[in-house]
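1. Okay, sequence plus prediction incoming.
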Amino acid sequence: MAKQGKRMTAAREGIDRKKLYGITEAVGIVKNGAKSKFDETVEIAMNLGVDPRHADQMVRGVVTMPNGTGKTMNVAVFARDAKAEEATAAGADTVGAEDLMERIQGGDIPFDRIIATPDMMGLVGRLGKVLGPRGLMPNPRVGTVTPDVTQAVKDAKGGSVEFRVEKAGVIHAGIGKASFTEQAIEENIRALVEAVAKAKPSGAKGAYVKRVAISSTMGPGVKVDPTSVMPAS
């Protein structure tokens, strides 16, 4: 732990905790500070001016990263017959119906994304208490309840990221790896921020994107000037 503490202290040196960095400079700092032996994930935290306890202030969506996420996604699909065959052909890791439901009920849930055809939602609905808290419940708003399982599987495998505002009004998301080029990381960040901006709910009042920070898995957070990353209105 001492070694880790020294590394974090060293990483913090040179970062002005009060300064809001432009996105390009911030990405450079995060990338240069990712010194672990493994390929750290680059993460973003966005504080939004919403209260998700109100239905008209919920922010949720999905965005395909232009440069992928660098993460291998384990995708499960609830489907039968021809749609099940279609999902398997598209590259789904697990495809099933009642058997998949029983596996999930038994606690075997190694999945990063779960997709379902609309006719399977009666079955999947029974898993709400298990999948909901894990953020894995299929939802038509983010394209995980769909008859087009081929596209949904390809999107998941190709680097689409689901985002959802948490109770405190914060969105957390992994947007790439430290091994990516600075340009690729910045492009991914801009894609996510643009998607969040487009998902602005009707009930949001005042400043929508209040604070933005990026970090790597083991690195300190770097505050980003929201105006440097927000899409032109």
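-> Arrived safely, thanks for sending. Residues are numbered from 1 along each chain as shown.

2. Buried residues, stretch 207-219. List them.
-> Buried residues in stretch 207-219, defined by neighbour count with 16 or more other CB atoms under 10 Å: Tyr208, Val209, Val212, Ala213, Ile214, Ser215, Ser216, Met218, Gly219. (C-beta placed from N, C-alpha, C; glycine too.)

3. what ranges do the helices span in this protein?
-> With helices called from DSSP state H, the chain shows them at 2-12, 23-33, 81-90, 98-105, 121-124, 128-131, 149-158, 182-198.

4. Flag whichever of those has the least confidence on average.
-> Note on the helices of the chain: lowest mean pLDDT is at helix 2-12, with a mean of 55.

5. With respect to Thr227, which of the helices of the chain lies nearest?
-> Between Thr227 and the helices of the chain, the shortest separation by CB to CB is 9.6 Å, and it involves helix 23-33.

6. In CSV, could you pull the C-alpha coordinates for that closest one?
-> The C-alpha trace of helix 23-33 is given here as CSV (Å, rounded to 0.1, in the frame of the first residue of the first chain):
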residue,chain,number,x,y,z
ILE,A,23,-9.8,18.9,-22.2
THR,A,24,-6.7,18.4,-24.3
GLU,A,25,-4.4,19.3,-21.4
ALA,A,26,-6.4,17.2,-18.9
VAL,A,27,-6.2,14.1,-21.1
GLY,A,28,-2.4,14.6,-21.4
ILE,A,29,-2.0,14.7,-17.6
VAL,A,30,-4.2,11.6,-17.0
LYS,A,31,-2.5,9.6,-19.7
ASN,A,32,1.0,10.6,-18.5
GLY,A,33,0.1,9.8,-14.9
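
7. Any buried residues in that helix, and which?
-> Quick answer for helix 23-33 (16+ other CB under 10 Å): Ile23, Ala26, Val27, Gly28, Ile29, Val30, Lys31, Gly33.

8. Tell me the one of these nearest Gly107?
-> Among the buried residues of helix 23-33, Val30 lies closest to Gly107 (CB to CB), at 35.3 Å.

9. Pretty sure that closest one sits against Val222.
-> Yes - the criterion here is CB atoms under 8 Å, and Val30 meets it with Val222 at 5.7 Å.

10. tell me, what's touching these two both at once?
-> Ile214, Ser215 (CB atoms under 8 Å, 6 or more residues apart in numbering).

11. can you pull the pLDDT of the closest residue to Ile29 other than its chain neighbours?
-> Distances taken as CB to CB, 6 or more residues apart in numbering put Val222 closest to Ile29, at 5.2 Å, once the chain neighbours are dropped. pLDDT, Val222: 95.

12. who does Val222 bridge with?
-> Per DSSP bridges, the residues bridged to Val222 are Ile214.

13. Please report the distance of it from Gly159.
-> Per CB to CB, to the nearest Å, Val222 is found 23 Å from Gly159.

14. Of these two, which one has the most company?
-> The neighbour count for Val222 versus Gly159, taken as other CB atoms under 10 Å, is higher for Val222 (25 against 20).

15. Run through the residues that contact the more buried one.
-> Applying CB under 8 Å, 6+ apart, the residues near Val222 are Ile15, Tyr21, Ala26, Ile29, Val30, Ala213, Ile214, Ser215.

16. same check, this time on Gly96
-> Contacts for Gly96 (CB under 8 Å, 6+ apart) come out as Ala76, Val77, Phe78, Ala84, Arg103.
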